[in-house]
Structures are given as structure tokens and as C-alpha cells.
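>>> Here's my sequence, what's the structure:
(one chain, ligands or ions: 1)
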Amino acid sequence: MGLVKMKDILAKAEEGNYGVGAFSIANMEMVLGAIKAAEELKSPLILQIAEVRLNHSPLHMIGPLMVEAAKNAAVPVAVHFDHGMTVEKIKQALEVGFSSVMYDGSHHELEKNIQNTKEIVSLAKQYGATVEAEIGRVGGSEDGSEDIEILLTSTEEAKRFADETKVDALAIAIGNAHGMYKGDPNLRLDRLHEINEQVDIPLVLHGGSGISPEDFQKSIGSGIRKINVATSTFNRVIDNVNKAVQLKPYSDYFDYHQDVIQAAYENVTYHMNIFGSSNRV
Ligand code: 13P
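Here you go, the predicted structure:
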């Protein structure tokens with residue numbers, strides 16, 4: 001099935017009323033683990049990397065790897081550029097073959113966010129790629145470098161933003177935050193429900209790490225179709241590796257390599273089972 005447009009994956013999720021995980025990866029091992037989980041569960045998959053992570057995994061190297069992995073997968077895989085901040089990097093991702101990009105203008109005023117997003121929509125159109133954007137502001141920060149305050153998405157603004165920009169998917173802020181939550185997440189499902197009534201395109205929930213299975217399922221029931229998961233995969237890798245070292249220090253590099261694949265596989269499997277995307281392809 002291979003590389004597909006994120007828009008198509010999300011349209012099917014809408015029809016079937018399930019969610020699709022967008023899993024952030026940092027290296028080949030995590031890509032292998034995520035694809036193994038998707039193939040075993042017969043689930044669609046969104047593989048993603050955020051612009052702030054490119055200092056660790058340069059786009060000209062990790063990008064082609066993600067695209068090739070998707071092309072060779074036995075299930076539909078969209079390759080998505082998460083939290084694009086600059087036209088330069090978004091364009092580079094499109095050139096490399098990403099089938100989807102996010103422009104994050106959530107730190108701008110509404111008018112500026114609309115204007116910039118429209119420019120990305122027309123750029124992505126030339127590549128036939130899907131576009132996600134954000135309205136309101138998700139808390140925390142992608143790489144943990146800032147503690148951004150949550151700005152709840154206004155229903156009216158979400159509607160206007162979707163109508164004017166013609167994006168394919170909309171990330172909203174309903175109490176969700178990047179990184180691990182300080183207390184229990186308090187998702188405003190009432191607001192999500194309201195936005196879903198007014199906005200026709202698939203809605204995206206960022207900050208998936210630490211949300212309970214019940215809240216995931218309620219969110220999916222109210223229109224969330226794409227769910228971003230990053231920190232819990234990275235944490236699972238370090239937890240598993242730390243545990244393995246405590247039991248017995250590695251003597252063979254490839255045992256370690258295999259444990260990284262396995263950790264990503266386990267976290268992706270866990271989430272796909274909750275999101276209801278198994279056996280959908
Ligand atoms: P977490 O790191 O909280 O899972 O958030 C992921 C995310 O939203 C990526 O954009």
C-alpha cells in the first residue's frame with residue numbers, strides 16, 4: 001500500500017469513526033518499530049518528525065528514510081512534517097516527498113496565522129500534499145524547551161480559520177499539552193464537541209503522551225481523527241534500555257538496536273489498539 005496522502009487516511013478514519021496515531025520518530029530504529037506495529041495490526045500509520053527535532057535528525061537524511069520506509073510498507077503510511085515553522089523547511093520536506101505538512105502559526109495573531117497558512121496551502125498544493133495547521137495554542141512545547149501556556153481554541157475562530165485557509169486538518173487546543181502532563185490532563189471535551197459541530201475537516205489532538213485511554217476514546221467519539229504521540233515513545237525507549245542495562249550491560253550493539261525497535265513497536269501498538277485503527281486496511 002505504501003506512501004499515501006494523510007488526507008486519505010483521515011477521510012477513512014472519519015468514515016469508520018476511529019483515530020489514527022501520528023508517531024514522532026528520531027531514527028531508523030523507531031521507524032522500523034512503528035511500521036512493524038502498523039503491519040502487524042493492519043493499521044494505517046502517520047510517521048512524523050517536527051522541525052525542532054531536525055538538529056538531532058537532519059531532514060535531508062531522516063526524510064528520505066521515512067519516505068522510503070513508507071513506500072515499502074504493507075499498510076498505508078503518510079509521512080508528515082510536524083510543527084513546520086519556516087517556509088524553507090516545509091518546502092524541503094515537500095521536495096523530499098513528505099505527503100503532508102503542518103504549518104504552526106499558533107504563536108501569531110489570528111489574521112497573520114490565516115495569511116501564512118494560506119501561503120503554505122498553495123505551496124503544498126503544487127506537491128499534492130495535505131496541510132494541517134493549528135488554531136488556539138497547545139501547551140508545553142515540542143522539545144520541552146518552553147512551557148507555553150494553553151490557549152483554548154475558540155469555536156468561532158476555528159470555523160473561520162478552516163473556511164478561509166482551506167486546510168485539510170486542524171489541530172486544536174482543548175487543554176492538551178506537549179510533553180508529559182504535570183497533573184491529570186483536563187480535556188475540554190465540551191469545547192471539542194462544539195468545534196466538531198462547526199468545523200467539517202478532521203481534527204487533530206497534539207500532546208498524546210499521558211492522555212488516558214478513556215479520554216482518547218471520548219475525543220475520537222467527538223471528531224478527533226489524528227493523534228500525535230512523541231514523548232511516550234522516546235520515554236519508552238530510554239526506560240527499556242535503562243532496564244536492560246540494569247539487568248545486564250549490553251555487550252553486543254545489535255541487542256541495543258533491537259531493544260530500541262521493540263520499544264517503539266510496543267508504544268505504537270499500545271496506542272493503535274486504543275485508537276481503534278487496527279484491522280482497517
Ligand atoms: P507528546 O510529546 O505529548 O506526545 O506530543 C506529541 C505532539 O503533539 C507532537 O506534535
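>>> Which parts of the protein are helices?
6-16, 28-41, 59-71, 87-96, 110-125, 155-165, 189-198, 213-221, 231-247, 253-275 (DSSP state H).
>>> Just the CA trace of the last one, in PDB.
Looking back up the chat, that one is helix 253-275. Coordinates of each C-alpha in helix 253-275 appear next as PDB, following Å, rounded to 0.1, in the frame of the first residue of the first chain:
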ATOM      1  CA  TYR A 253      25.500  -3.300  19.900                       C
ATOM      2  CA  PHE A 254      22.700  -5.000  18.000                       C
ATOM      3  CA  ASP A 255      20.900  -6.200  21.100                       C
ATOM      4  CA  TYR A 256      20.600  -2.500  22.000                       C
ATOM      5  CA  HIS A 257      19.500  -1.700  18.400                       C
ATOM      6  CA  GLN A 258      16.800  -4.400  18.700                       C
ATOM      7  CA  ASP A 259      15.600  -3.000  22.000                       C
ATOM      8  CA  VAL A 260      15.100   0.400  20.500                       C
ATOM      9  CA  ILE A 261      12.900  -1.100  17.700                       C
ATOM     10  CA  GLN A 262      11.000  -3.100  20.200                       C
ATOM     11  CA  ALA A 263      10.300  -0.100  22.500                       C
ATOM     12  CA  ALA A 264       8.900   2.000  19.600                       C
ATOM     13  CA  TYR A 265       6.900  -1.100  18.500                       C
ATOM     14  CA  GLU A 266       5.400  -1.500  21.900                       C
ATOM     15  CA  ASN A 267       4.300   2.100  22.300                       C
ATOM     16  CA  VAL A 268       2.800   2.300  18.800                       C
ATOM     17  CA  THR A 269       0.900  -1.000  19.300                       C
ATOM     18  CA  TYR A 270      -0.400   0.200  22.600                       C
ATOM     19  CA  HIS A 271      -1.800   3.400  21.100                       C
ATOM     20  CA  MET A 272      -3.200   1.800  17.900                       C
ATOM     21  CA  ASN A 273      -5.200  -0.600  20.000                       C
ATOM     22  CA  ILE A 274      -6.800   2.300  21.900                       C
ATOM     23  CA  PHE A 275      -7.400   4.500  18.800                       C
END
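>>> Report the inter-axis angle for it versus helix 231-247.
Helix 253-275 and helix 231-247 are oriented at 140 degrees to each other (axes from the mean of the first three to the mean of the last three C-alpha atoms, to 10 degrees).
>>> Report whether helix 253-275 contacts the ligand.
No - figure legend: helix 253-275 not in contact with the ligand (C-beta under 6 Å from any ligand atom); closest approach 9.6 Å. C-betas here are computed from N, CA, C, even on glycine.
>>> Could you give the separation of that helix from the chain centroid?
The chain centre lies 17 Å from the centre of helix 253-275; the measure is C-alpha atoms, centre = their mean, to the nearest Å.
>>> In contact with M272, which residues?
G21, A37, A38, L41, S43, S278 (C-beta atoms under 8 Å, 6 or more residues apart in numbering).
>>> what about 6 Å?
G21, L41, S43, S278 (C-beta atoms under 6 Å, 6 or more residues apart in numbering).
>>> next one: phi and psi at E149?
phi -80, psi 140 (degrees, to the nearest 10).
>>> any idea how far the ligand is from it?
Going from E149 to the ligand by C-beta to the nearest ligand atom, to the nearest Å gives 16 Å.
>>> quick one, what contacts that residue?
Contacts of E149 by C-beta under 6 Å, 6+ apart: none found.
>>> which residues of the stretch 51-200 of the chain score low on pLDDT?
For the stretch 51-200 of the chain, no stretch has pLDDT under 70.
>>> Just list whatever residues bridge to the residue nearest to M102 when sequence neighbours are not counted.
In this structure, M102 finds its nearest non-sequential neighbour in E132, 4.2 Å apart by C-beta to C-beta, 6 or more residues apart in numbering. For E132, the beta-bridge partners are M102, A169 (DSSP bridges).
>>> quick one on the thing from earlier: most neighbours out of the contacts of M272, which is it?
G21 (29 neighbours; other C-beta atoms under 10 Å).
>>> which one's the longest strand in the chain?
Secondary structure of the chain per DSSP state E: the longest strand is strand 76-84.
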